[in-house]
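Participant: Fold the following, please.
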Amino acid sequence: MAEVHVIGQIMGATGFSESSLFCKWGIHTGAAWKLLSGVREGQTQVDTPQVGDMAYWSHPIDLHFATKGLQGWPRIHLQVWSQDTFGRCQLAGYGFCHVPSSPGTHQLTCPTWRPLGSWREQLARAFVGGGPQLLHGDTIYSGADRYRLHTVTGGTVHLEIGLLLRHFDRYGVEC
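Facilitator: So this is what the prediction gives:
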């Protein structure tokens, strides 16, 4: 089987109005993909920007996949959360990006968004925290359902991804 190594890190995030940010992440693939080693999902530590608005995480990603075809190429889905002084967490943004298909090192920027909610939910978010969240995580990258939502933009998550491809020519998988 052809193999893909995804090695890199979630560098951090910029442009969020909230502080004390952390990121929950995961990799979604199609049925023809098998994870040989690595962890499919994780969470960064909380970082409060001291200078500027960049929250630094430098969270490692190291995955090794085997595949029979290109269908279902890996996608990284992200959830950025903020934590207040009382330890309460609220959603700051959802986002996703495709893992590049060419070997080498890639700098990715992933824009985020969050559901806006009704005016009552917006008022409650401002004073109490919380706010609307998605019931199904796959809505993040399924365009048909996502376009019906009223959303507001969040910040941007920065990733550095290195990609190694192995045995693609041997098994007839063309990139």
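Participant: Could you use CA atoms for every contact and neighbour count after this?
Facilitator: Noted.
Participant: Look up how far Pro103 lies from the residue lying closest to Leu149 once chain neighbours are set aside.
Facilitator: Spatial nearest neighbour of Leu149, excluding adjacent residues (Cα to Cα, 6 or more residues apart in numbering): Pro115 at 6.7 Å. From Pro115 across to Pro103, the span is 35 Å (Cα to Cα, to the nearest Å).
Participant: Centre-most residue in the chain?
Facilitator: For the chain, the residue nearest the mean C-alpha position is Leu78 (2.2 Å; Cα atoms, centre = their mean).
Participant: which residues does it bridge with?
Facilitator: Trp25, Gly95 (DSSP bridges).
Participant: close enough to count as contact, it and Phe96?
Facilitator: Yes. Leu78 is in contact with Phe96 according to Cα atoms under 8 Å; the separation is 5.8 Å.
Participant: which residues are in contact with both of the two?
Facilitator: The contact sets of Leu78 and Phe96 do not overlap (Cα atoms under 8 Å, 6 or more residues apart in numbering).
Participant: Neighbour count: Pro115 and Pro103, which is higher?
Facilitator: The neighbour comparison of Pro115 against Pro103 (other Cα atoms under 10 Å) goes to Pro115, with 20 against 15.
Participant: right, and the more buried one touches Gly95 too?
Facilitator: No. Using Cα under 8 Å, Pro115 makes no contact with Gly95, being 11.8 Å away.
Participant: quick one: common contacting residues for those two?
Facilitator: Counting by Cα under 8 Å, 6+ apart, nothing touches both Pro115 and Gly95.
Participant: Show residues contacting the strand ranked longest in the chain.
Facilitator: Ranked by residue count under DSSP state E, the longest strand found in the chain is strand 151-166. The contact list for strand 151-166, computed with Cα under 8 Å, 6+ apart, reads 2-17, 92-93, 99-117.
Participant: Likewise for stretch 41-48?
Facilitator: Contacts of stretch 41-48 (Cα under 8 Å, 6+ apart): 19-27, 55-57, 59, 83.
Participant: who wins for most neighbours among those residues?
Facilitator: Of these, with other Cα under 10 Å as the count, Leu21 tops at 28 neighbours.
Participant: what's that one in contact with, if anything?
Facilitator: By Cα under 8 Å, 6+ apart, the contact set of Leu21 is 46-48, 55, 80-83.
Participant: If anything else comes up later, I'll come back, but that's it for now.
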